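S.K.: make a model of this:
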Amino acid sequence: MSISPNLPGRLGNPRLDIKDDPRADPRMLAAMAMLEMDVAPPPSPVTAANSIEELLAYFMEAEAGFNAFGDFVVSNTPPTTGIISRTEVITGVDGNEINLYIHRPDGVDGPMPCIVHTHGGAMAILKASNPNYSRWRDDLAATGMVVVGVEFRNAAGELGPHPFPAGLNDCASAAQWVVANRVELGASKVVMSGESGGGNLSIATALKAKQDGWISDIAGVYAQCPYISNAYAEPIAELVSLFENDNYFLNVENMGAFAKTYSPDGADDTNPLAWPMHAESSDLEGLPPHVISVNQLDPLRDEGLVYYRKLLDAGVSAVSRTVNGTCHAGDCLFLDAMPDVWHATIRDIKGFADSL
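M.R.: A predicted model of the protein is given here:
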């Protein structure tokens, strides 16, 4: 093992744990340590080399652990007050039912910006109904917005197996329903937003809207730590963070296993609607303004920044921000430990929506 102390993270020391990285926020590390997540996880039990049947079986069992983590990190903060919520069931383009969770500030009729939120989970696991996502929507709504969470079909886990394009079709159907019901919702504009796999879906919904001729209905996209490269089975040198931050909360091989459940036969491995980092300028021209928010200590950091640069090259209004000291999605995970970081991103989403 070669150690190069002048290089950051695991580029300098391939065995470095996030707890020993001087860039890491100590409040985040304290929260991670409670679940022994401040050190490298064991080697991934599955990779992209496993069969799809093996991957689906593994993620069905593993999803409970991911759910428990999401519950834990917001469990001690008092609930947000002054928010009312309801569930709307719509029919998607594929004929399936989709639950939409609609949150708004009590006593405010609008018009106000509407965030269509697509949750994380690598497009493969987790639910919009999970407590941490419900809390995220409540806090967004508390700033003076309507927020619609989409219970899209997953590629694996309890809501799977529905590989690409099922989840994307559900998110596009949800966005179109919101547009069609904008007056009743009190929505002045529609903004797509999500983190990780939801960052993928928020971006991909805009790409699909452009392809299908309704992009003018989307005012903007705010994507957090987007999971968009599909370069996890064979990491590429351009994406330095896949090496620098591997095993910091996320394991790159495990990300490759998730990716295979989304595009199991490989036919969509470079399809921009499945993996937006592969978009060309012709796919991007004419898109609405974007914010691409990334986390400093995230293996996925650089793919978000590559997409940001592609947007600029295509003439799209785009801003990037890096949340320093945080792991993947750290600004929308650790409410109890870092409320100021959580709310800084909430405020930024609100400010972006107001600016459009």
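S.K.: packing partners of the one helix or strand in the chain whose mean pLDDT sits lowest?
M.R.: Every helix and strand in the chain was compared by mean pLDDT, DSSP states H and E; the lowest is helix 52-72, with a mean of 90. The contact analysis (3 or more C-beta pairs under 8 Å, 6 or more residues apart in numbering; DSSP states H and E) places helix 52-72 against helix 131-141, helix 252-262. Yep, even glycine has a C-beta here, placed from its N, CA and C like the rest.
S.K.: buried residues in the following helix or strand past that helix?
M.R.: Where DSSP states H and E defines the elements, the next helix or strand beyond helix 52-72 is strand 83-91. Neighbour-count burial for strand 83-91, counted by 16 or more other C-beta atoms under 10 Å, picks out 83, 90.
S.K.: partners of the next helix or strand after strand 83-91 in the sheet?
M.R.: Remark: after strand 83-91, the chain's next helix or strand is strand 97-105, criterion DSSP H and E. Looking at strand 97-105 with DSSP bridges, its partner strands are strand 83-91 (antiparallel), strand 146-151 (antiparallel).
S.K.: residues contacting strand 97-105, please?
M.R.: For strand 97-105, contacts defined as C-beta atoms under 8 Å, 6 or more residues apart in numbering pick out 82-92, 128-129, 134, 137-138, 140-142, 144-152, 170, 173-174, 177, 185-186.
S.K.: in this structure, which spans are strands?
M.R.: 83-91, 97-105, 112-118, 146-151, 187-195, 220-224, 290-295, 318-323 (DSSP state E).
S.K.: same list, the ones you listed, but as CSV with mean pLDDT and distance to residue 16 please.
M.R.: Shown next, in CSV, are the strands of the chain (pLDDT from 0 to 100; distance: least, C-beta to C-beta, whole Å):
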stretch, mean pLDDT, distance to residue 16
strand 83-91, 98, 41
strand 97-105, 98, 39
strand 112-118, 98, 32
strand 146-151, 98, 36
strand 187-195, 98, 25
strand 220-224, 99, 25
strand 290-295, 99, 17
strand 318-323, 98, 20
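S.K.: could you export those as a markdown table, including distance to residue 160?
M.R.: Listed next are those as a markdown table, based on distance: least, C-beta to C-beta, whole Å:
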| stretch | distance to residue 160 |
| --- | --- |
| strand 83-91 | 19 |
| strand 97-105 | 15 |
| strand 112-118 | 16 |
| strand 146-151 | 13 |
| strand 187-195 | 18 |
| strand 220-224 | 23 |
| strand 290-295 | 26 |
| strand 318-323 | 30 |
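S.K.: give the buried residues for stretch 257-270.
M.R.: 257, 258, 259, 260, 261, 262, 263, 264, 268, 269.
S.K.: please report how far the fourth one lies from residue 80.
M.R.: Think residue 260. 37 Å (C-beta to C-beta, to the nearest Å).
S.K.: which pair in the buried residues of stretch 257-270 spans the largest distance?
M.R.: 257 and 268 (16.4 Å; C-beta to C-beta).
S.K.: okay, helices next: where are they in the stretch 151-300 of the chain?
M.R.: Per DSSP state H, counting those that start in this stretch, the stretch 151-300 of the chain carries helices over the ranges 166-180, 182-185, 197-212, 241-244, 252-262, 281-284.
S.K.: packing partners of the fifth one?
M.R.: It refers to helix 252-262. Secondary elements touching helix 252-262 (3+ C-beta pairs under 8 Å, 6+ apart): helix 52-72.
S.K.: list the buried residues of the helix it packs on.
M.R.: Neighbour-count burial for helix 52-72 [16+ other C-beta under 10 Å]: 55, 56, 58, 59, 62, 63, 66, 67, 70, 72.
S.K.: got the contact list for it?
M.R.: Counting by C-beta under 8 Å, 6+ apart, 34-35, 37, 45-46, 50, 121, 124-127, 130-133, 156-158, 160-161, 257-258, 260-261, 264, 333 sit against helix 52-72.
S.K.: same check, this time on stretch 322-338
M.R.: By C-beta under 8 Å, 6+ apart, the list of residues contacting stretch 322-338 from outside reads 18, 23-25, 27-28, 30-32, 70, 73-77, 120, 132, 135-136, 195-196, 224-225, 245, 248-250, 293-301, 341-342, 344-345.
S.K.: report the buried residues of stretch 92-107.
M.R.: In terms of neighbour count (16+ other C-beta under 10 Å), stretch 92-107 has its buried residues at 92, 98, 99, 100, 101, 102, 103, 104, 105.
S.K.: so which of those residues comes closest to residue 214?
M.R.: Checking the buried residues of stretch 92-107 against residue 214 by C-beta to C-beta gives residue 92 as the nearest, at 15.4 Å.
S.K.: for the closest one, give me the pLDDT.
M.R.: On pLDDT, residue 92 comes in at 98.
S.K.: distance of it relative to residue 234?
M.R.: Residue 92 is 33 Å from residue 234, by C-beta to C-beta.
S.K.: go on, residue 171?
M.R.: Going from residue 171 to residue 234 by C-beta to C-beta gives 28 Å.
S.K.: where does pLDDT dip in the protein?
M.R.: Along the chain, the parts satisfying pLDDT under 70 run over 1-2.
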